[in-house]
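1. the amino acid sequence is not available; the structure is as follows:
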């Protein structure tokens, strides 16, 4: 697709994807490339702007990630962030040293608001700092345009050469006016028009899919998750009955989820496609009987999915394309660790079998981040409750049940989880209605898990010996780190009462306060 482009060159920063997402939120398309990407490739892409990310190294040390000086001589605006800012100064003749005072966290910063980067900002605001090194002397031609009490060069610019260095992280939410700073860069410095929007993406993608597929047949493994559902919706709009979706219900989905997926994509739904639902619950429970080790459960669930999908694919016969819901983070994470950005092969994304007879893979969402996938889903008319469904692991409730998986345990965790999500959603909606803003405690992900612990309780003057349910809720920006959400006690108390009264087999409810790290977001 012909669109204006800003590229992010990654130097190992933890926020590389976040930088690209923030640029895209300004309606400007952005892609991420390794610092090992050749300068000639960058010239061919002809980007409107280049952003250098942070990273864990010191740019003056031998072997640290670097780039050719030619990058700063192309006439293309370059914005260096944190390590990227230090590297820019180091390459161009400035000086970077170990800082006498390390800055970490929210920091008061003074801005020169005559800079194009800081147009329409207040002169003093809060930014997010995270650095051991600092720019002790700017490169020739650079003017200091921001500073803090401990950092004399919080930002510097050579406006004539369109080179900008920022020591802090504008991409994180903790930088109060970070979004405006990046918007100023892409619009005021790079001169972007802002042509990256989901309605045009959907329209252009439908045309591109029709051209690529022609009169061919497409097969898609539909999990019911957001990515595969939006991929199904997009392909359906493009090629209709040339698409066959195989939905394997392994009996480890959330409550009523299998029926909800069928209601949207099945014969009674609004999408024109061939829908095959395989109810394989008993088959999965049989394979999982007596297995309690988490990794063993994962492998059984994954391998069984491949077997079921393979059986259905053989019934359909040869297809021209195997479709996948691969999204941009999959592409980035598979490529940046090597010499270049390489898209994941089909057996790395979703574990689909090589024995299915197809000629080519089609990945209609490979350019999108998760939030963009959701916007595309709404644009396609997929119901909001499916589009905004919470992240859900491929092995489903199999890894939210500690110990052996049985039909009885699955029902317990389904019912408890449904109550928990309903009450949290209701409380969050009530808060927003009363205050006009989202509740500060709203989690990014929340679910109930079934522990393998049973304990004595008393219900109706009788002794019980039942399971304990654990409630998990986290707030996170990137899902790489997470903190337990501080859900109001009265909400948790209501959830506890409902679960114990309504879910047979549970007499104890606990709240998991563990952060990530040391824990994981999932519980297995």
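-> Received the coordinates, thanks. Please read all numbers here as calculations on a predicted model, not as lab measurements.
2. helices of the stretch 351-500 of the chain, start to end?
-> Secondary structure of the stretch 351-500 of the chain (DSSP state H, counting those that start in this stretch): helices located at 370-379, 384-387, 407-435, 489-502.
3. ditto for the chain
-> 16-25, 39-45, 83-91, 178-184, 198-213, 226-239, 257-265, 281-288, 294-316, 328-335, 370-379, 384-387, 407-435, 489-502 (DSSP state H).
4. return the set of buried residues in the longest one.
-> Same thing as helix 407-435. 409-421, 423-424, 427-428, 431 (16 or more other Cβ atoms under 10 Å). C-beta here means a position set from N, CA and C on the backbone, and glycine is covered the same way.
5. how about the contacts made by residue 177?
-> 121-122, 125, 170 (Cβ atoms under 8 Å, 6 or more residues apart in numbering).
6. quick one: which of those residues sit in strands?
-> residue 125 (DSSP state E).
7. among the contacts of residue 177, who's most crowded?
-> If you count neighbours using other Cβ atoms under 10 Å, the busiest of the contacts of residue 177 is residue 170, which has 27 neighbours.
8. roughly how far does it sit from residue 150?
-> According to Cβ to Cβ, to the nearest Å, residue 170 stands 19 Å off from residue 150.
9. identify the residue nearest the residue most central in space within the chain in space, chain neighbours excluded?
-> Among the residues of the chain, the one closest to the centroid is residue 370, at 5.0 Å (Cα atoms, centre = their mean). Counting by Cβ to Cβ, 6 or more residues apart in numbering, residue 327 is the residue found nearest to residue 370 once chain neighbours are left out, at 6.4 Å.
10. again with residue 134
-> residue 99 (4.0 Å).
11. so the one you found touches residue 152, yeah?
-> No. If you go by Cβ atoms under 8 Å, residue 99 and residue 152 don't touch, sitting 10.2 Å apart.
12. what touches both of these two?
-> Common contacts of residue 99 and residue 152 (Cβ under 8 Å, 6+ apart): residue 134.
13. and the residue nearest to residue 134, what pLDDT?
-> Residue 99 carries a pLDDT value of 89.
14. ok, it to residue 149 distance?
-> Residue 99 sits 12 Å away from residue 149, going by Cβ to Cβ.
15. quick one: low-confidence ranges for the stretch 151-300 of the chain?
-> For the stretch 151-300 of the chain, no stretch is flagged by pLDDT under 70.
16. same question for the stretch 301-450 of the chain.
-> 333-357.
17. thought residue 324 was touching residue 363?
-> Yes. Residue 324 is in contact with residue 363 according to Cβ under 8 Å; the separation is 5.3 Å.
18. which of these two has more neighbours?
-> For residue 324 versus residue 363, neighbours defined as other Cβ under 10 Å are more numerous around residue 324 (23 against 20).
19. for residue 376, see how far away the more buried one is.
-> 15 Å.
20. parallel or antiparallel, which strands does the longest strand that the chain contains pair with?
-> Identified as the longest strand of the chain according to DSSP E is strand 95-111. If you go by DSSP bridges, strand 95-111 pairs up with strand 124-137 (antiparallel), strand 143-147 (antiparallel).
21. quick check: buried residues in it?
-> 96, 99, 103, 107, 109, 111.
22. try stretch 28-44
-> Buried-residue list, stretch 28-44, by 16+ other Cβ under 10 Å: 28-35, 37, 42.
23. cool, stretch 249-257 as well?
-> Of the residues in stretch 249-257, those buried (16+ other Cβ under 10 Å) are 249-255, 257.
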